[in-house]
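Novice: Structure, please.
(one chain, ligands or ions: 1)
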Amino acid sequence: MKKEFAVIGLGRFGGSICKTLSDQGMEVLAIDIDEEKVNEYANVASHAVVGDSMDEGVLKSLGIRNFDHVIVAIGDNIQASILTTLILKELGVEKITVKAQNDYHAKVLSKIGANFIVHPERDMGRRIANNMISNSVLDYLELSEEHSIVELVASKRMAGNTLIELDIRAKYGINIVAIKRDRDIIVSPQASETIQEGDVLIVIGADADINRFENKFA
Ligand code: ADP
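Specialist: Numbers count the residues shown, from 1 in each chain. This is a model prediction of the structure:
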């Protein structure tokens, strides 16, 4: 069965979520207090309605509790974001993702039971900064404060060695979970796999260990 999403707030963040979900064929109800925004998304979302999400009656009449996942993407108005989340929680919505403006906002959202709290600007800033530091890091996904999954371009010095020769699990405590080579992807590569220059290694481990590995072969 298709998942049903509701996106409240159609600013840059909510708008992008709404468009991506719709492009992926999901059912999306888009809600904004601003009629202009709603018109902008009328042809993108499955349904787009003007409404104030701080009004419990509005959310109830939209049958909000039947949606699989509700995203609160109200930006600057922290009060509206908190109150909306509280109402959604009280109405029994199962999965609520909320965009937080700052750490205080996030703390309150977590106390009232938001399931997922996202900091898009902070996280994207971190991600871009980390990608800028190194020439070989293509992308990374933060798993915790200290652990990540990183896409690394194999350097000349790595090339020609098998995974067992590099012995990275023992020496660095990190794992290569996949290798992207041209259009192929080798998932869980064998120890006998030889790294080629230009391979993209998908590595999981502690940030410090990944850095050590990267610097050793830079
Ligand atoms: P971004 O930083 O992602 O662009 P904005 O703060 O610009 O976020 O956008 C938030 C959106 O949320 C705006 O389109 C605004 O009209 C909408 N919004 C604000 N308060 C409410 C509310 N109470 N109910 C519904 N939509 C709201």
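Novice: excluding its backbone neighbours, what's nearest G205?
Specialist: Of all residues not flanking G205 in the chain, I174 sits nearest, at 3.1 Å (Cβ to Cβ, 6 or more residues apart in numbering). For the C-beta atoms, the positions are set from N, CA and C on the backbone; glycine is no exception.
Novice: quick one, what contacts that neighbour?
Specialist: 168, 203-206, 209-210, 213 (Cβ atoms under 8 Å, 6 or more residues apart in numbering).
Novice: Among those, which ones are in helices?
Specialist: Members of the contacts of I174 lying in helices (criterion: DSSP state H): 168, 209-210, 213.
Novice: pLDDT on the one helix or strand L86 maps to, on average?
Specialist: Per DSSP states H and E, L86 falls inside helix 78-90. What helix 78-90 shows for mean pLDDT is 98.
Novice: could you say what helices and strands that helix packs with?
Specialist: helix 56-61, strand 69-72, strand 96-99, helix 103-111 (3 or more Cβ pairs under 8 Å, 6 or more residues apart in numbering; DSSP states H and E).
Novice: what packs against the first one?
Specialist: What it means is helix 56-61. Using 3+ Cβ pairs under 8 Å, 6+ apart: helix 56-61 touches helix 78-90.
Novice: same thing with the longest one?
Specialist: When contacts are defined as 3+ Cβ pairs under 8 Å, 6+ apart, helix 103-111 packs onto helix 78-90, strand 116-118.
Novice: How about it and the ligand, any contact?
Specialist: No. Helix 103-111 lies apart from the ligand when judged by Cβ under 6 Å from any ligand atom; the minimum separation is 12.5 Å.
Novice: Contacts made by that helix with the rest, please.
Specialist: 78, 81-82, 85, 98, 100, 117, 119.
Novice: Neighbour count for the residues you listed - can I get that in CSV?
Specialist: CSV is the format used below for these (neighbours: other Cβ atoms under 10 Å):
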residue, neighbour count
I78, 16
S81, 26
I82, 20
T85, 26
V98, 27
A100, 22
I117, 18
H119, 16
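Novice: Return the member of the residues you listed nearest to the ligand.
Specialist: Nearest to the ligand among the contacts of helix 103-111, counting by Cβ to the nearest ligand atom, is S81 at 7.8 Å.
Novice: can you pull the contacts of the closest one?
Specialist: Contacts of S81 (Cβ under 8 Å, 6+ apart): 9, 72, 74, 98-99, 101, 105, 109.
Novice: With distance to A191 as new columns, can those residues be given to me in JSON lines?
Specialist: Listed next are those as JSON lines, based on distance: Cβ to Cβ, whole Å:
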{"residue": "G9", "distance to A191": "49"}
{"residue": "V72", "distance to A191": "47"}
{"residue": "I74", "distance to A191": "50"}
{"residue": "V98", "distance to A191": "44"}
{"residue": "K99", "distance to A191": "43"}
{"residue": "Q101", "distance to A191": "47"}
{"residue": "H105", "distance to A191": "47"}
{"residue": "L109", "distance to A191": "45"}
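Novice: May I see the helices and strands packed on helix 78-90 arranged in TSV, with mean pLDDT and distance to L29 as well?
Specialist: Putting the helices and strands packed on helix 78-90 into TSV (pLDDT from 0 to 100; distance: least, Cβ to Cβ, whole Å) gives the following:
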stretch	mean pLDDT	distance to L29
helix 56-61	97	11
strand 69-72	98	9
strand 96-99	98	14
helix 103-111	96	21
